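**Q** Have a look at this prediction, sequence included:
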Amino acid sequence: MNATEAKTWNKLQKHLDDELANVRIEELNKCDKRSDLLSFNFDQLLVDFSKQKVNSNTMQLLFELGEELNLTNAIKNLASGDKVNTTENRPALHSALRLNPNDSLVLDGDDINRHVQIELARMSKVVDDITTGNWRGYSGKPITDVVNLGVGGSDLGPLLVCEALDEFKEAHSNPVDVHFASTMDGSQVSLLFERLNPETTLFVIVSKSFTTIDTLSNAASAKAWLLNAFQDESIIIKQHFIGISVSESKMEKWGIHPEHQLKLWDWVGGRFSLWSAVGLTIALKIGMANFRRLLNGANKLDQHFFSTDINQNIPVILGLLGIWNTNFLNIKAQAILPYDARLKYFPDYLTQLEMESNGKSVTLQGERISFDTCPILWGEVGPNAQHAFYQLLHQGTRKVACDFIAPVNRFSTITSEHEKSLHNQHLLTIANCFAQSRALMVGGSSAVDGGGSSELKNHKFYPGDQSSTTILIPELTPYSLGQLIALYEHKVFVMATIWGINPFDQWGVELGKLMANDTLRELNLDSMTMCFDASTNYLMNYVKSNFATFKGVEEDK
Ligand SMILES: O=P(O)(O)OC[C@H]1O[C@H](O)[C@H](O)[C@@H](O)[C@@H]1O
């Protein structure tokens, strides 16, 4: 059944028109009992939905919509390894990557947790080898720097977690610095080549498919850079490259030594893969024990998602409210606003997670859909965004749903003046977080109204009534971060289920890649042999005829 054909869909529309269309969120918050209905506490998470434009009837109807569209069943199917990724005919079992070591999950007669645990043990050995100084570069020196070469899901997850958990850096006997290079343009690797020492640099080629040109071109440049320093290719590849992929044969073909190949499985989507060996750089930075804590946090949230009734299920509610905002309140944009600079990559991570998963317009049955799916999602560290795009949130013409995210405790050990000052900075940040969500809700003009004529007052008027959710964690730790990420993973699935789309494929990224092949071939020719469209022809001819150096160079074999 198409979402809009659900009886409850129409009921929700009617409920909005009858009960809420002319009610401001601020009005709804005049009831003290609101938090009983809309604030949810689970383990490390406090999720407060009370600044959403809903009342108890809305919630009831949203749960009914979930029932009508078989949400509980869909969750069960996801958890048990059904082939929910229908266009690729496979399960989506990222939750299996964070099972407890003694759990079992049988798929096609095979306990897949056994494979997961074996791979984690292999990953742990690699971490040990590197961080104890056993792993040596070509000249016999221990590794000092590890570069993650990957893009999309093979970059954003590890990057987010490494940046967020920098304070959990483990004191190894041979500590290493981790770096990330993703872009195909070579800018990032070229900077690293200037800074790093080839003797002590190890590259981790992370690519689920091991065909992604962005990553393979960075890897080729890395290999060339190393060979420039030391000419024995077999030693360079063996001692300076690790591969992480589903495809052992492709890693093999590239030359990755079998012991330096770490594996994931095709039932892990790229943007859900940080929990696997794809998280090697995370484990190198924070240690295997902390990596396990990250998995445990996510696992705890999985258990909540898989076993809690939908009316108490936090990812379900987050997803259902996403549907309400998108399809009923007509809110087409979602801002992610962490009030902690350690979470600076969280908006980028969620941009891929949500937009690549749910940026779809075809149902699971292959029919075009007639309603909106994933909103445009973006974000920035909240306090900085206050000085950048909050103007639009407060006074623009568009509705934007906002997620405010903050750890409650920070800088709480106070033994010196500067720590006291840092602690106060944290309180200031939390005050801003709460004040901004409130200002977005209540709006008004009085507080900043300096008087003057009525025309002048307009520019000081804040319409308010912007919907937001506030998510608090006690503090940012591997465990709480695991829960936070898993919360959004499951929210994405909930929204996809209601919309009836497949969140686990990404066919939309293929066309541009194909076209880039022809384009590159033509750019390498002296004159064009193919006719593209007028605009592209013009651009191609412009660069070819005006920039003499603009052509490919033969790479040394
Ligand atoms: O891990 P890889 O196979 O190299 O894929 C890297 C990324 O590129 C693809 O084009 C997809 O858009 C992403 O979902 C994926 O994470």
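**A** Received, thanks.
**Q** burial of the closest residue to residue 390 other than its chain neighbours, as a residue count?
**A** Across the structure, with CB to CB, 6 or more residues apart in numbering as the measure, the residue nearest residue 390 apart from its sequence neighbours is residue 436 (7.0 Å). For glycine as for every other residue, the C-beta is placed from the backbone atoms N, C-alpha and C. Other residues within reach of residue 436 by the criterion other CB atoms under 10 Å amount to 23.
**Q** Same question for the one 5 residues further on.
**A** Other residues near residue 441 come to 22 when the count uses other CB under 10 Å.
**Q** can you pull the contacts of it?
**A** By CB atoms under 8 Å, 6 or more residues apart in numbering, residue 441 lies in contact with 25, 26, 29, 51, 464, 465, 466, 468.
**Q** Which ones, among the residues you listed, also lie beside the ligand?
**A** If you filter those for contact with the ligand, counting by CB under 6 Å from any ligand atom, you are left with nothing.
**Q** which one of the residues you listed sits closest to the ligand?
**A** For the contacts of residue 441, the minimum distance to the ligand (CB to the nearest ligand atom) is 28.5 Å, reached by residue 468.
**Q** The residue lying closest to that closest one once chain neighbours are set aside and residue 437: what is the separation?
**A** With CB to CB, 6+ apart as the measure, residue 402 is the residue that lies nearest to residue 468, at 4.1 Å, once sequence neighbours are left out. When CB to CB, to the nearest Å is applied, the distance between residue 402 and residue 437 equals 7 Å.
**Q** more crowded one of those two?
**A** Legend: neighbour count by other CB under 10 Å for residue 402 and residue 437, higher for residue 402 (25 against 22).
**Q** if I pick that one, what's in contact with it?
**A** Listed by CB under 8 Å, 6+ apart, the contact set of residue 402 reads 334, 335, 337, 393, 437, 440, 466, 467, 468, 469.
**Q** Excluding residues flanking it in the chain, which one is nearest residue 531?
**A** Excluding the flanking residues, the one nearest residue 531 by CB to CB, 6+ apart is residue 537, at 6.6 Å.
**Q** For that neighbour, report the pLDDT, please.
**A** Note for residue 537: predicted pLDDT of 94.
**Q** Same check on residue 62?
**A** At residue 62 the predicted local distance difference test score is 98.
**Q** Name the helix or strand for it, please.
**A** Secondary structure here is read from DSSP states H and E; on that basis residue 62 sits in helix 56-68.
**Q** One more: residue 74?
**A** Residue 74 belongs to helix 71-80 when assigned by DSSP H and E.
**Q** Run the chain-centre distance for that helix.
**A** Helix 71-80 has its average C-alpha position 22 Å from the chain's average C-alpha position, going by CA atoms, centre = their mean, to the nearest Å.
**Q** Now that helix: buried residues?
**A** Of the residues in helix 71-80, those with enough neighbours to count as buried (16 or more other CB atoms under 10 Å) are 71, 74, 75, 77, 78, 79.
**Q** Specify the angle between whichever strand or helix holds residue 288 and helix 71-80 in degrees.
**A** In this assignment (DSSP H and E), residue 288 forms part of helix 280-307. Put simply, helix 280-307 runs at 140 degrees to helix 71-80, going by axes from the mean of the first three to the mean of the last three CA atoms, to 10 degrees.
**Q** All good on my end, thank you.
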